[in-house]
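J.: Quick one: sequence and predicted model below, then my questions.
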Amino acid sequence: MKILVENSAYTLLNMGDVAMLQVALKRLQARLPSASFDVITRDPLLLSKHIESENIHAIPADGNLHFHLPFNLIGGLRRIFRSRETAINIERLLFLTAPQQAIRRVLRRRKQRQVKTDELETFVTALLQADAVICTGGGYLTDDFGDHAERALLTAAIAAKLGKHVSFLGQGIGPIRNRSLNKLARRSLRLASSIGIRENGASLDILRNYGVRQDRVWVTGDDAIEAAYDSRPDTMGKGLGINLRLSHYAGITPEWRCHFLTSLTKQASMLGVECVSVPISWHEGEADDRVVSSIMPESKIALVHTPAASINVAGKCRLVVTGSYHAGVFALSQGVSVIGVYASNYYADKFQGLMRQFGNGCSGFDLRSTSPKSGALEAAVTAAWERADSNREHLLKIASAQIAVGNAYYDSVANGIINSIGRN
């Protein structure tokens, strides 16, 4: 049995993405012990360090990228169409109408152009030989990661048209306003065998709007909850955890950046506790620890280059104030209260989803609706700090319940894969 694994963690530099991938593969291996997993990645060595298993193999991400280059299939014929968008939509339709022929044509055209095709052929072979395609958890089905979303969705749709089982796991879907991506998402997600989403808000609304059969949709919570919950300490931590994500998709202004960090430093000092950095991303340009240390050199910066280390840091806190979704997941799953700060629709959806899933102990703070000088953030931190003890058991109970649903969903996915192989 062979399974191709699409994921949000090609670089393996975001510890939330890696944690979801680790949990997904752990759960699937437990249910499908004879399966071989081909994982798309840019760093095979780092993949082997994060996930040690003889049954997990690296598929070069560049092969996937080359396969999905625009107009790989129709080439110069794109010029007969009135717009680039129309040409792309026609090309996708051809892929889904005659996938085998389309794949052969892409390979033939690349070879005719004397382009090196080794990695492309590796990806195509993995796709054609796969009994199932699994898209592990993440927030990549959105405009902000449009290129990645298009590749994942088209791969999944082609696999479904080839008669393979296709499941999405732990997805946070949207916002999707781009017309072309929206059309592809609608088509691809309706073809999926099953879809696990991590919240019952925006993602569920999108799937309903797409007309996805509701018996194929599970609200499972985030897959990384299990990894954090299993590492929870026996007692409440004492630190004030902080994370601030500066990126094109976060929308944090320089004014809020400075105020956020200096304000929390002062509050930690007043409370007599330590400010603890809870980094999640190590991507160049948005590395969370450098964001914090650039303004707070005195803060405790942990070298957390593994999900386990990030989880450990989050578990040492009483409250985590974060602009990163998975710093929140890692904290809440260990009974640590969270304030999610956001300044974009992308993160608004994420944190509002967490609030729906966890309830008391998880609150949101919209930086767009107030001024740094208003004192509103400081008041929110003070209130959450005071309530943290009373929220701990509730949060742990909610995390445990989501883990149970998640495992039930994986039972369903594994059974679906086995049944699909039997039919084929």
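T.: Great, that's in hand. Only a predicted model underlies this, so the values are computations on that prediction, with no experimental measurement involved.
J.: So for this structure, the centremost residue is which one?
T.: Nearest to the geometric centre of the chain sits residue 138, at 1.4 Å (C-alpha atoms, centre = their mean).
J.: got the contact list for that one?
T.: 7-9, 17, 20, 170-172 (C-beta atoms under 8 Å, 6 or more residues apart in numbering). For the C-beta atoms, the positions are set from N, CA and C on the backbone; glycine is no exception.
J.: Could you count how many residues lie near residue 74?
T.: 19 (other C-beta atoms under 10 Å).
J.: Please report the distance of it from residue 86.
T.: As judged by C-beta to C-beta, to the nearest Å, residue 74 and residue 86 stand 11 Å apart.
J.: again with residue 172
T.: In terms of C-beta to C-beta, residue 172 sits 30 Å off from residue 86.
J.: between the two, which one's more packed in?
T.: In terms of neighbours (other C-beta under 10 Å), residue 172 is the more surrounded of residue 172 and residue 86; the figures are 24 against 13.
J.: Would you quantify the distance from that one to residue 163?
T.: 28 Å.
J.: What of residue 330?
T.: Residue 330 is 38 Å from residue 163, where distance means C-beta to C-beta.
J.: Which helix or strand lies directly C-terminal to the helix or strand harbouring residue 356?
T.: With secondary structure defined by DSSP states H and E, residue 356 is part of helix 345-358. In the C-terminal direction, the helix or strand that comes right after helix 345-358 (DSSP H and E) is strand 362-366.
J.: Tell me how many other residues crowd the residue lying closest to residue 318 once chain neighbours are set aside.
T.: Excluding the flanking residues, the one nearest residue 318 by C-beta to C-beta, 6 or more residues apart in numbering is residue 388, at 4.9 Å. The number of residues packed near residue 388 is 20, by other C-beta under 10 Å.
J.: So residue 388: helix, strand or coil?
T.: Following DSSP: H, G, I helix; E, B strand; the rest coil, residue 388 is assigned to helix.
J.: That one and residue 336 touch, don't they?
T.: Yes: using C-beta atoms under 8 Å, residue 388 is in contact with residue 336, at 7.4 Å.
J.: Which one among the contacts of residue 138 sits at the bottom for pLDDT?
T.: pLDDT across the contacts of residue 138 is at its lowest for residue 9, which sits at 82.
J.: what helices or strands is the helix or strand of the chain with the lowest mean pLDDT leaning on?
T.: Least confident helix or strand of the chain, by mean pLDDT, DSSP states H and E, is helix 288-295 with a mean of 73. Where contact means 3 or more C-beta pairs under 8 Å, 6 or more residues apart in numbering; DSSP states H and E, helix 288-295 is packed against strand 239-243, helix 254-271, strand 275-277.
J.: Wait, a strand at residue 218?
T.: Yes: using three-state DSSP, the assignment for residue 218 is a strand.
J.: And for this structure, the residue most distant from the center?
T.: residue 80 (37.6 Å).
J.: who are the neighbours in contact with that one?
T.: By C-beta under 8 Å, 6+ apart, no residues touch residue 80.
J.: Mind pulling up the pLDDT for it?
T.: pLDDT at residue 80 comes out at 92.
J.: And residue 161, by the same measure?
T.: Reported pLDDT for residue 161: 98.
J.: same deal with residue 114?
T.: 73.
J.: Can you mark which positions in stretch 411-424 are buried?
T.: For stretch 411-424, a neighbour-count test (16 or more other C-beta atoms under 10 Å) marks 412-414, 416-418, 420 as buried.
J.: Now that stretch: average pLDDT?
T.: For stretch 411-424, the mean pLDDT works out to 92.
J.: tell me how far that stretch is from the chain's mean position?
T.: Computed by C-alpha atoms, centre = their mean, to the nearest Å, the separation of stretch 411-424 from the middle of its chain amounts to 24 Å.
J.: Check stretch 354-369 too.
T.: With C-alpha atoms, centre = their mean as the basis, stretch 354-369 stands 19 Å off its chain's centre.
J.: start to end distance for it?
T.: 20 Å (C-alpha to C-alpha, to the nearest Å).
J.: same question, stretch 54-68
T.: 29 Å.
J.: what residues does that stretch touch?
T.: With C-beta under 8 Å, 6+ apart as the test, stretch 54-68 has contacts from 4, 10, 25, 29, 35-42, 44, 47-48, 72, 106, 110, 115, 117-124, 126, 150-151, 154-155.
J.: Out of the residues you listed, which sit inside helices?
T.: 25, 29, 44, 47-48, 106, 110, 118-124, 126, 150-151, 154-155 (DSSP state H).
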